[in-house]
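> take a look and give me a structure for this.
(one chain, ligands or ions: 2)
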Amino acid sequence: MQELEERIRTEGTVKPGNVLKVDAFLNHQCDVALFDQMGKAWAEHFAGKRVDKILTIEASGIGIACVAARHFGNVPIVFAKKAQSINLDGDQYVTTVYSFTKQREFPVIVSKKFLNEGEHVLLIDDFLANGKALRGLIDICDHAGATVAGIGIAVEKGFQGGGDQLRADGFDVDSLAIVESMDASTGEIVFRH
Ligand SMILES: O=P(O)(O)OC[C@H]1O[C@H](OP(=O)(O)OP(=O)(O)O)[C@H](O)[C@@H]1O
Ligand SMILES: O=c1[nH]c(=O)c2nc[nH]c2[nH]1
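Numbering: from 1, shown residues only. Ligands and ions are numbered 1, 2, ... in the order given. Okay, here's the model as predicted:
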């Protein structure tokens, strides 16, 4: 998606440790007009596929998934929580994922009442790097007996391999910008086309 690539080029910064900082528009300050364009692009890509629900993971996927839902007939969005809470009750699907930016493991929790057997679920997230977050969501869908209809990602860091492994496993992954390489010393970002 050209507009997203342009924003990454002009406002993104490359940090050591394979971190692309896009907090001016994607995952700290949020540009909802851009999110709307992203939702439209995913709706075009996944047109014809049944989507009953969108599933994402806190925190950064939530805003993007909510705006995307407007392009999928206002289906409910559910976000997996990364901490137990007295506000979580009843039976839960629980798995564990390693967080790329926080560099530690988190529980990933979805209440069983919000994910049902037979549902077709679109996974949405802001970043795809090693694929840990998505593997956690896929695991939860498997346990629920739900089908992963597809995966919509804003920014994939292709060089980390998580996206290509998911594609090799048969998932329809639509990443709106795929960073093929980036260099923290020069700031150069090369996109895959
Ligand atoms: O493909 P992966 O290697 O799993 O990386 C992608 C995940 O990393 C980020 O989550 P993170 O927990 O770092 O931060 P967040 O709270 O901003 O969502 C991002 O939001 C994705 O969920
Ligand atoms: O802001 C972010 N930048 C990244 O490079 C990244 N990788 C995973 N999750 C990420 N979030």
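> alpha carbons only for contacts and neighbour counts from here, please
Will do.
> so Gly161 is in contact with Ala129, correct?
Yes. Gly161 lies in contact with Ala129 (Cα atoms under 8 Å); the separation is 7.0 Å.
> measure how buried Glu117 is and give me the count.
Using other Cα atoms under 10 Å, Glu117 has 13 other residues around it.
> try Gln2
9.
> just Cys30 next, same as before
By other Cα under 10 Å, 16 other residues sit near Cys30.
> now it, what are its backbone angles?
Torsion angles at Cys30 (phi, psi; degrees, to the nearest 10) stand at phi -120, psi 130.
> which non-adjacent residue is nearest it?
Closest residue in space to Cys30, ignoring its immediate chain neighbours: Ala24 at 7.0 Å, by Cα to Cα, 6 or more residues apart in numbering.
> wait, what's in contact with the one you found?
Residues near Ala24 by Cα atoms under 8 Å, 6 or more residues apart in numbering: Glu11, Gly12, Cys30.
> before we move on, the earlier item: which one of Gly161 and Ala129 has more residues nearby?
Per other Cα under 10 Å, whichever of Gly161 and Ala129 has more neighbours is Ala129, with 19 against 14.
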